[in-house]
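Student: Just to be clear, the model below is a prediction. Sequence and coordinates:
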Amino acid sequence: MKNVDLVIIGGGPAGLAAAVAARKSGVQDILILERDSELGGILNQCIHNGFGLHTFKEELTGPEYATRFVTQVRELGIEYKLNTMVLDLAADKTVTAMNKTDGLFQLHPKAVILAMGCRERPRGALNIPGYRPAGIFTAGTAQRLVNMEGCLPGRRVVILGSGDIGLIMARRMTLEGAKVLCVAELMPYSGGLKRNIVQCLDDFGIPLKLSHTVVDIQGKERVTGITLARVENGKPVPGTEEHYDCDTLLLSCGLLPENELSRAAGVALNPVTGGPAVNESLETNLPGVFAAGNVLHVHDLVDYVSEEAAAAGEHAAAYIAGGGAAAGRTLPVRCENGVRYTVPTTIRPDCAGDTVTLRFRVGGVYKNKKIAVYRGTDCIYSRKRPVLAPGEMETVRLKAELLRGPGDAVTVTLEEG
Amino acid sequence: MYDIIIIGAGVSGCACARELSQYDAKILVVEKEEDVCCGTSKANSAIVHAGYDAAHGSLMAKLNVEGSRRMPALAKELDFAYDRCGSLVVCLSNEDRPALQKLYENGIANGVEGLRIIERDELVGMEPNISDAAVAALWAPTGGIVCPFGLTFALAENAAKNGVQFRFDTKVTGLHPLDGGGTGWAVETDHGTLETRCIVNAAGVYADTLHNMADAAHPMTITARRGDYFLLDHTAGQHVRHTVFQLPGKYGKGVLVTPTVHGNLLVGPTAIDVDDKEATATTAAGLDEVREKSGLAVKDIPLRQTITSFAGLRAHEVRHDFFIGEIAPGFVDCAAIESPGLSSAPAIGAMVADIVRGSLHLHNKPDFDPTRRGILDPKALDLAARAELIRQNPAYGQIICRCESVTEGEIIDAIRRTPGARSLDGVKRRTRAGMGRCQAGFCSPRVMEILARELGVPQSEITKSGGASKIIVGTNKDSL
Amino acid sequence: MEKRELICIGCPMGCPLTVTLDGGAVVTVQGNTCPRGDAYARREVTAPTRIVTTTVRVTGGILPAVSCKTRSDIPKEKIFDVVRALKSVVVPAPVHIGQVLLPDAAGTGVDVVATKDVAEV
């Protein structure tokens, strides 16, 4: 196998954007390894519109958004391998992969970009009691079946979890002829975008039951019904049970970055995100191993994935070209007051360009707050936010010059606004 | 006319079938589910008990120790996953030491080898995550862990290789002795009547129904005793290195915590008697109980790493002993096989085969082949061998299940075997595709495709586990 | 004067909008952060529209279905008419992104186009 400078693990939105940016930054030998049978990743099954307003200034469907990047990858002559699974990533960046045509092969690239995406939290991880019949799907599995295979996984549906995939699937199942009885959400607020509640639930009269969860699943072979109950302080309230006759339960209860390869390679992970801990260049603790997209932290919008991945591609290109400039000081980034995590978790001011982009999510719903960033006791950034919610990722762009010179750690916090 | 009909294709029925397949006889296994290993055998603690627990003098004690003794050789012969990791029964209070001593003595009397009472220091050395309250433990080096699916499939496939036939989706509805002299039975099923010289009743939680058809004068009652479990991801698989039980005592009866042969961590079970013999639903109360008790003997169990919870039913009979014997001419009970039934299976099969051989005067078959090869696991090969395998069969180059790294080659092998996989669960139990942390989210559409192709049926016919458990109910817009 | 509260669906921000109406005519739109929000609010209270995204059957392709969308907004009350009109549409592979799968869907004057390529087997 011909050797390459940059291996990108994953040909979804992150991998594609990283590849395009790396090529534009001068990396010649790039190889994308994609486990599915086509490029585009999860976008291929996200056939709804709403993608690309930031990136392309127009509203696209998932497959259309993916096609824009795939076209660029082809035009730039970037190589990729489909149906190819990476079996192992070693700390020295040796990539072991296989497919039917090339068999088992190893690559020794100068840099690697992790772009494996995420997976859904399954039923087992939610500890929903009851039987284990057919008819229980994660929303993403149902989405693939309906949107790519054209087949219906159920006719009377209850959805648990009001993340965007759950909301989107409520509309998709309805438009394909299924009856969606309700969407239940454990939390007192939805985890999805407000506009999806309007256009996916309200448009079709599908009730959203906040602070509710599934407490029983009936049916020994195929689901025949489920029981919902109201939740207070995290526990179902006895006496509030409601039964629904249905043949299907869809679960949209959170996404988990897919970091088995990273972990095995020795990449340090952030326990809050489940993704690698990275510095301002989106580089992990392993020099030359970068991460972007949902493998790094779960995003709400693909446009941000593309932007982040392009940055990873540029940093990987710089690494390949320069082999690592003097790093200088490293500042830790801390979070406080409802800020759950930040990406990156460390900043090397001397390695940053003009700006440093910080992304984060909050742990609850907050109103009339101010996002503030401090260096020691000096406030270096502040922006008002009327509403902050866990379902939406926040972005802060800091002037790198404010981070240079002597000073303490960077702290991201919420304040009364 | 069959010589032997074995009712039930769980681990006991398959062990009987495999042992009997060494004789010159026409043998059929009848199973109401769509596959082998669909009842008690599929949902249990997946351990091979050393044999110190069962009351000395009981059949259970004898067959447990014997089964455990046979397991290593059988695992080699039939190529299934088994690991003699050893087990610990942890004593949490000095008040309970007499009970620990009693257990030790019972084990010695049963003939369990290598038993030893160890003190806290040694225990902590062996299990760093052991409870702070632990004062001592019974160490049983012959305790082990096994893949219950692997063991059952191995027995069934080896039986099939030696001529045993299997008939699935066939429920026995009645029995009566054949007319006109001699021994023999008519076995009525929902797919017609079968005739046989001898019946082996290995029907698990339903063994009492069959027993009572054959011998109404001495009725038997089997109660389904449910056990709820949590299965944790590989990342938690090293939390304990041995099977850890808690000695029942001052702090009540605990649950076991054990690694599995596939590197997961298993925590459970409860013991809740249920009226419905199909009631394999977990309950919130059951799962809460496991959660609460799990911390008694082992600390800091990362239950957040749970990938699935499940419940299984044990076939409990009031005498709490296995019931094996010819209760009517040509009717052999292999009943009340509750825990440690999995551990005892090799010995149960041998005992039943001996009874049937005597009853039917069977002779050895010269061409009996006691070996079977499991589904090839490419992960066990070195890189060069794996590359060569893919060159020879490219299907081994295509990963279908990401979480457990299962290739298309393994799945095809699972489907083409006899008895082979016909459903998602059938593939899962044979190959582990869908058994991992995403619980089949990614791979189920792909496995459905392969099943449909290999079985020559439309994808819409593919089920999760036979019967009415179809995955797909229609096509887009078909009802609009 | 009548006031109606809406959530803008024009982009993921989901701005809360307040529309003031006088006898069915829009007087003011408040809460929007861009012109898209103003336009959405005016439409939504008079003649609401939506983009419909769904699937159409494909024969001879590497996948049995192709994703599609109405090329532009259609009246909201026509959503199911469009979807029903697509029930009987079957396209042979290869299908190309942008290909018209159903012209003038359900009399809306809007074409339904493929949003993805589906290659032949």
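Tutor: Ah, there it is.
Student: Close to chain B: what parts of chain C are there?
Tutor: Counting by C-beta under 8 Å from any C-beta of the partner chain, chain C comes close to chain B at C:54, C:55, C:57, C:65, C:80, C:83, C:84, C:86, C:87. Heads up, the C-betas are built off the backbone N, CA and C, glycines and all.
Student: Report the beta-bridge partner residues of the third one.
Tutor: Think residue C:57. Per DSSP bridges, the residues bridged to residue C:57 are residue C:65, residue C:90.
Student: now swap in residue A:6 and tell me
Tutor: With DSSP bridges as the rule, residue A:6 is bridged to residue A:30, residue A:111.
Student: In contact with it, which residues are there?
Tutor: Counting by C-beta atoms under 8 Å, 6 or more residues apart in numbering or on different chains, residue A:6 touches A:22, A:27, A:29-31, A:109-113, A:316-317, A:320.
Student: can you do 6 Å?
Tutor: Neighbouring residues of residue A:6 by C-beta atoms under 6 Å, 6 or more residues apart in numbering or on different chains: A:22, A:27, A:30, A:109, A:111, A:316.
Student: what does residue C:20 give?
Tutor: Residue C:20 is in contact with C:1, C:3, C:27, C:28, counting by C-beta under 6 Å, 6+ apart.
Student: ok, now residue B:140?
Tutor: Shown in contact with residue B:140 (C-beta under 6 Å, 6+ apart): B:50, B:52, B:87, B:115.
Student: what's the burial count for residue 112?
Tutor: Unless you meant another one, I'm taking chain A. The number of residues packed near residue A:112 is 27, by other C-beta atoms under 10 Å in any protein chain shown.
Student: The intended chain is chain C.
Tutor: Residues lying near residue C:112 (other C-beta under 10 Å) number 28.
Student: my guess is it meets residue C:103, correct?
Tutor: No - under the criterion of C-beta atoms under 6 Å, residue C:112 makes no contact with residue C:103, lying 8.1 Å away.
Student: Strands of chain C, start to end?
Tutor: Applying DSSP state E to chain C gives strands spanning C:2-7, C:16-22, C:25-30, C:49-50, C:53-59, C:65-70, C:74-75, C:90-92, C:100-102, C:112-114.
Student: With the stretch 201-350 of chain A instead?
Tutor: For the stretch 201-350 of chain A, strands defined by DSSP state E, counting those that start in this stretch occupy the ranges A:208-210, A:212-218, A:225-232, A:235-236, A:242-245, A:248-251, A:255-257, A:289-291, A:331-335, A:339-343, A:346-347.
Student: Map the structural domains onto the sequence of chain C.
Tutor: C:2-46, C:53-114 (automatic domain parsing).
Student: longest single helix anywhere in chain C?
Tutor: helix C:35-46 (DSSP state H).
Student: Check which residues of that helix are buried.
Tutor: By neighbour count with 16 or more other C-beta atoms under 10 Å in any protein chain shown, helix C:35-46 contains the buried residues C:36, C:37, C:38, C:40, C:41, C:43, C:44, C:45.
Student: I'd like the distance from it to the chain centre, please.
Tutor: 15 Å (C-alpha atoms, centre = their mean, to the nearest Å).
Student: got it, and stretch A:31-42?
Tutor: Centroid separation for stretch A:31-42 versus its chain: 16 Å, with C-alpha atoms, centre = their mean.
Student: Single out the residue in the stretch 101-250 of chain A that lies closest to chain B.
Tutor: residue A:124 (3.1 Å; C-beta to the nearest C-beta).
Student: what's around residue B:385, how many residues?
Tutor: So residue B:385, with other C-beta under 10 Å, has 12 neighbours.
Student: what's the pLDDT at it?
Tutor: Note for residue B:385: predicted pLDDT of 95.
Student: Check which helices and strands the helix or strand where it lies sits against.
Tutor: Residue B:385 belongs to helix B:383-392 when assigned by DSSP states H and E. Applying 3 or more C-beta pairs under 6 Å, 6 or more residues apart in numbering or on different chains; DSSP states H and E, one finds that helix B:383-392 contacts strand A:103-107.
Student: Around chain C, pick out the residues from chain B.
Tutor: Near chain C, the residues belonging to chain B are B:476, B:477, B:480 when assessed by C-beta under 6 Å from any C-beta of the partner chain.
Student: Need the buried ones from those selected in ChimeraX.
Tutor: Selection of buried members from the residues of chain B next to chain C for ChimeraX, criterion 16+ other C-beta under 10 Å:
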select /B:476,477
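Student: quick one: contacts of stretch A:81-101?
Tutor: Outside stretch A:81-101, the residues that reach it (C-beta under 6 Å, 6+ apart) are A:7, A:9, A:33-35, A:37, A:104, A:106-109, A:112, A:261, A:265-266, A:286, A:288, B:394, B:397-399.
Student: tell me which residues of it are tucked away?
Tutor: A:81, A:83-87, A:89, A:93, A:95-100.
Student: Same check on stretch B:66-74?
Tutor: Within stretch B:66-74, the residues scored as buried using 16+ other C-beta under 10 Å are B:66, B:67, B:68, B:69, B:70, B:71, B:74.
Student: Where does chain B get nearest to chain C, which residue?
Tutor: Closest to chain C within chain B is residue B:477: 4.3 Å, counting by C-beta to the nearest C-beta.
Student: Can you tell me the element that residue falls in?
Tutor: Assigned by DSSP H and E, residue B:477 belongs to neither a helix nor a strand.
Student: Reformat the buried residues of helix C:35-46 as CSV; add pLDDT.
Tutor: Formatted as CSV, those follow (pLDDT from 0 to 100):
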residue, pLDDT
C:36, 91
C:37, 92
C:38, 94
C:40, 94
C:41, 94
C:43, 94
C:44, 94
C:45, 94
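Student: Out of the contacts of residue B:140, the closest to chain A would be?
Tutor: Distances from chain A to the contacts of residue B:140, taken by C-beta to the nearest C-beta, are shortest for residue B:87, at 25.5 Å.
Student: Okay, the residue positioned nearest the centre of chain C and residue A:316: tell me how far apart.
Tutor: The centroid of chain C falls nearest to residue C:51 when counting by C-alpha atoms, centre = their mean (0.6 Å). According to C-beta to C-beta, to the nearest Å, residue C:51 and residue A:316 sit 36 Å apart.
Student: now do residue B:397
Tutor: For residue B:397 relative to residue A:316 (C-beta to C-beta), the value is 28 Å.
Student: Tell me which of these two has more neighbours.
Tutor: Using other C-beta under 10 Å, the more surrounded residue of residue B:397 and residue A:316 is residue A:316, with 33 against 26.
Student: So for residue B:223, what's the pLDDT?
Tutor: Per-residue confidence at residue B:223 stands at 95 (pLDDT).
Student: quick one: it is in a strand?
Tutor: Yes - the assignment for residue B:223 (DSSP: H, G, I helix; E, B strand; the rest coil) places it in a strand.
Student: Let's see the lowest-mean-pLDDT helix or strand in chain A as CSV, backbone CA atoms only.
Tutor: In chain A, no helix or strand scores lower on mean pLDDT, DSSP states H and E than helix A:123-126, which sits at a mean of 77. C-alpha atoms of helix A:123-126 as CSV (Å, rounded to 0.1, in the frame of the first residue of the first chain):
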residue,chain,number,x,y,z
ARG,A,123,-32.2,1.1,25.2
GLY,A,124,-30.0,-0.9,27.5
ALA,A,125,-28.0,2.1,28.6
LEU,A,126,-31.4,3.8,29.5
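Student: Does the following helix or strand past that helix reach chain B?
Tutor: Where DSSP H and E defines the elements, the next helix or strand beyond helix A:123-126 is strand A:136-138. Yes - counting by C-beta under 6 Å from any C-beta, chain B is contacted by strand A:136-138 at residue A:138.
Student: Not counting sequence-adjacent ones, nearest residue to residue B:306?
Tutor: Among residues not flanking residue B:306 along the chain, residue B:230 sits closest, at 4.8 Å (C-beta to C-beta, 6 or more residues apart in numbering or on different chains).
Student: and the one you found, how many neighbours does it have?
Tutor: Quick note: residue B:230 (other C-beta under 10 Å) scores 28 neighbours.
Student: Repeat that for the one 10 residues further on.
Tutor: The burial metric for residue B:240, expressed as a neighbour count using other C-beta under 10 Å, is 25.
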